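Visitor: can't give you the sequence, but here's the structure:
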């Protein structure tokens, strides 16, 4: 027994040593310390020495990960170097929404945080309106309606504008004989899928283990069914809660049809987002219903991949293809922040053209402020090509009450699992949840 | 003097009592209060809706599915873990070369965090590039999407839970076996009792305290199964592999039904408490004095 215990103890200690040697978490890094210790740019270093010291330490929570998060953290460090006001920056990644919900519930919020598309519907109760700030007049017109509440109040600085369509692999299209410019309706899209499938590729990838990828289908497709057609749409019905959810069955039926026709990957229920993005870069998959971040992810693994973005097809010939838009990197200030002046100072720092340009470039998206140019990388020609395509907000953010995202994901998964009556049940589930949450509004 | 000392000794309970009140009693009473509201989990505005959440709870087929899954995770794991754990313990209680190594190997998965274990196993069972499918392809068979069907995924996750925690049962039974005096077996041998008889009339009755501990620990762990599910399926496809624990989290954070989530949580707590009590009482009656 002694020998056994010694082995266990030895293994445990070894593992603890390895844990101690591993890289420390990067989520929390007081910008002040980092700015003073890192081999920062000489000018920033010089400014650190001259910047007045402040006792204030702002807290900033970000929903960003990867390159955009690093750019935002660097902006906070530069702010500290310039003003002497420390910023404790944290980016908890996948747990961000859960953390923010618990912080809102306990009213213990950071001074600033990112709102990832929910500045009005979810976070406005806790945010300070920014209409009186100098940058408010420079916010680009296309995003203004998406970040303004019924009383005309805006709550965030949008560093960029999320503009998304369907991402695709150009090589796969060429090899399959598909011309994306010819895809105007979902019928055209299905014809393209048929060609891609016949050429031996997977037409559309869904990574259902990350079930938000199923929700993305609805977010991408629903506007074309219910919102974008000027001659017949259900915008008011969604807004006043009178939408007849029987109509929802047709969008579920299309997903079911694609699944049964073999347009989706075989493991649509159990694959994941990263696998999908890599498959796109590798040239195994034709289309994906993800934002342009999937292109960044795919290029990370396959830098030479030829990827593009196209507008979302219309339901039929009576409508036109559209793009999807909304908040991406948007920052607000807690209305009860004990450091309101300093928090607003940081917000205005982030609104400076050169800082805003850096942040938008890190996201590969157009800037959210007028007169600011960002580098959108390989997507640039597509933004230019589709500059005149009409843009509609993310469906769930605009037309569903907060908290229904999971319903889209769950009901979609049930449809994909080919359960009997799943389409009817999905519409019923959506109706019940919509009424329930609509009554809470 | 003795009475005074006794009173002073009682004061030492206070810190533990305060911690219990702060971290168990208070949250539980708050949970009960929230279960009567329509709170979304983050807003300061909510209203009391009486028993609506409880009525919904008993009508909700998704919760019923999660409850059935919880029973499978809990009782399925417990039964197999204990049979296997006892078998390992009996085998490893005998002396042979390499015994310590075998014990360590069986116990090792316990030291891995369940979430990590889940992610490791994902690489085994995933459709695209999973080790099992690679083997199937190697033998000319078609790959199978193992986790795409709820019942099969529940079974796989139960097996993973068993694999991870069978070491705990083994250690508990080993300790129990080493506490049984050798003279009982010697006396039984002299009386001509065979191996099965010795196991049935000496080992099992004297192992009852160990069985009680192992069963209750495994049962509570299985009924609360969370990490492995989150790593492998996150409750999906749909709601098909949720346990009550993952359902609580899902309803609170993703569904934004904190009130309903609290209702499920309270039911889970009461259910586990009742089941554990029944099991403990049952084994208490079976225990014999050494």
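Guide: On my side now, so go ahead. Everything quoted here is computed from the prediction, not taken from an experiment.
Visitor: residues from the stretch 201-350 of chain A in reach of chain B?
Guide: A:208-209, A:211, A:266-267, A:269-271, A:275 (C-beta under 8 Å from any C-beta of the partner chain). Quick note: C-beta positions are derived from backbone N, CA and C, even for glycine.
Visitor: hmm, which two among these are most spread apart?
Guide: With distances taken as C-beta to C-beta, the most widely separated pair in those is A:211 and A:266, at 17.1 Å.
Visitor: More neighbours: which of the two?
Guide: Comparing residue A:211 with residue A:266 by other C-beta atoms under 10 Å in any protein chain shown, the one with more neighbours is residue A:211, at 27 against 17.
Visitor: Nearest spatial neighbour of the more buried one, chain-adjacent residues omitted?
Guide: residue A:409 (4.0 Å; C-beta to C-beta, 6 or more residues apart in numbering or on different chains).
Visitor: neighbours around that neighbour, how many?
Guide: Neighbour tally, residue A:409, other C-beta under 10 Å: 23.
Visitor: got it, and residue A:246?
Guide: There are 11 residues near residue A:246, going by other C-beta under 10 Å.
Visitor: With residue B:195 instead?
Guide: There are 11 residues near residue B:195, going by other C-beta under 10 Å.
Visitor: does residue B:240 really touch residue B:150, like I thought?
Guide: Yes - the criterion here is C-beta atoms under 8 Å, and residue B:240 meets it with residue B:150 at 2.8 Å.
Visitor: more crowded one of these two?
Guide: residue B:240 (25 against 21).
Visitor: On the three-state scheme, the more buried one is what?
Guide: Here residue B:240 is coil, with the state taken from DSSP: H, G, I helix; E, B strand; the rest coil.
Visitor: Can you pull the phi/psi pair for the residue in chain A positioned nearest to chain B?
Guide: Closest to chain B within chain A is residue A:403: 3.1 Å, counting by C-beta to the nearest C-beta. Main-chain torsions, residue A:403, degrees, to the nearest 10: phi 100, psi 0.
Visitor: Leaving aside the residues adjacent along the chain, what's closest to it?
Guide: Per C-beta to C-beta, 6+ apart, closest to residue A:403 is residue B:256, 3.1 Å.
Visitor: same deal with residue A:170?
Guide: Nearest one to residue A:170, counting by C-beta to C-beta, 6+ apart, is residue A:306 at 3.9 Å.
Visitor: Surely that neighbour touches residue A:171?
Guide: Yes - judged on C-beta under 8 Å, residue A:306 makes contact with residue A:171 at a distance of 5.4 Å.
Visitor: returning to that earlier point: assumed the residue nearest to residue A:403 was part of a strand.
Guide: No - Residue B:256: not assigned to a strand; according to three-state DSSP it is coil.
Visitor: Contacts only, for it.
Guide: By C-beta atoms under 8 Å, 6 or more residues apart in numbering or on different chains, the residues touching residue B:256 are A:101, A:402-403, A:437, B:40-42.
Visitor: Between which two of these is the distance greatest?
Guide: Between any two of these (C-beta to C-beta), the greatest distance is 14.7 Å, for A:101 and A:437.
Visitor: Of the contacts of residue B:256, just say which sits nearest to residue B:28.
Guide: residue B:41 (17.6 Å).
Visitor: which residues touch residue A:361?
Guide: Residue A:361 sits in contact with A:71, A:374-376, where contact means C-beta under 8 Å, 6+ apart.
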